[in-house]
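Student: the following block contains a protein sequence and its predicted model.
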Amino acid sequence: MSGVWAIRPLAPKEKDRVGAVLGLARLHQGDGFYLVAWEGAEPLGHAYLALTQPVELQDVAVREEHRRRGVASALTAAAEREALARGFHRLRVAVSVRNEPAQALYRRCGYVDAGVPPKRVQGTIVLRTGPLEVDDTLVTWEKRLACD
Ligand SMILES: CC(C)(COP(=O)(O)OP(=O)(O)OC[C@H]1O[C@@H](n2cnc3c(N)ncnc32)[C@H](O)[C@@H]1OP(=O)(O)O)[C@@H](O)C(=O)NCCC(=O)NCCS
């Protein structure tokens, strides 16, 4: 990790600043919270931790100019700590079969196939950032954070 970084949950007063440069697409989802990586006053990337059963990591995104600096790895590790602190022993993430960078990231972070059948997603999903046409296949990966 380079630079002086901080990762912390998104504060209400930071929504506009972060939303201007990152999607915050799941801001109104209502079942979890965002973690944001900062370098000084600059938001570098974010990740949403959905406190569902099972708990799920969603919307991991790093600004293009800050990629390959370990930001997503650090956000993933922070999400794992948050999940563990809340008593969750496994963390899941759904990844597009076409998203090789994300697959490489999660593999490197210790995630493995959760054994869930791939999920075909098709149609329009409405996010804070607007409607999004999707036609994709998602695979579910999982990491064991502690012994069950
Ligand atoms: C996928 C994404 C989050 C990775 O963010 P990042 O901060 O660049 O990732 P890191 O720097 O932590 O990368 C860690 C490791 O993941 C792998 N990796 C990350 N990006 C990669 C790429 N484009 N190609 C191949 N491997 C990649 C590498 O092993 C990397 O380690 P290395 O740089 O030492 O080789 C980023 O590319 C992104 O925001 N993509 C668009 C949104 C997205 O697809 N999100 C995933 C949703 S599931």
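Tutor: In hand now; what should we look at?
Student: does Q53 sit in a helix or strand, and which one?
Tutor: Under the criterion DSSP states H and E, no helix or strand holds Q53.
Student: near the ligand, which residues of the chain?
Tutor: 60-62, 67-73, 93, 95, 99, 101-102, 104-105, 108 (CB under 6 Å from any ligand atom). C-betas here are computed from N, CA, C, even on glycine.
Student: go again using 8 Å as the cut-off
Tutor: Within the chain, the positions adjacent to the ligand are 44-45, 57-64, 66-76, 93-96, 99-102, 104-109 by CB under 8 Å from any ligand atom.
Student: partner strands of the helix or strand containing V139, parallel or antiparallel?
Tutor: Using DSSP H and E, V139 sits in strand 130-144. Next to strand 130-144 in the sheet, as set by DSSP bridges, lie strand 90-96 (antiparallel), strand 112-113 (antiparallel), strand 119-127 (antiparallel).
Student: now tell me which helix or strand of the chain has the poorest mean pLDDT.
Tutor: strand 119-127 (a mean of 91; mean pLDDT, DSSP states H and E).
Student: now the angle from the longest helix seen in the chain to strand 90-96?
Tutor: Using DSSP state H to define each element, the chain has its longest helix at helix 71-85. Orientation of helix 71-85 against strand 90-96 (axes from the mean of the first three to the mean of the last three CA atoms, to 10 degrees) gives an angle of 140 degrees.
Student: now helix 71-85: buried residues?
Tutor: Buried residues in helix 71-85, counted by 16 or more other CB atoms under 10 Å: 71-76, 78-80, 82-83.
Student: how about the residues you listed, which pair is most distant?
Tutor: Using CB to CB, the buried residues of helix 71-85 span at most 18.7 Å, a distance reached by V71 and A83.
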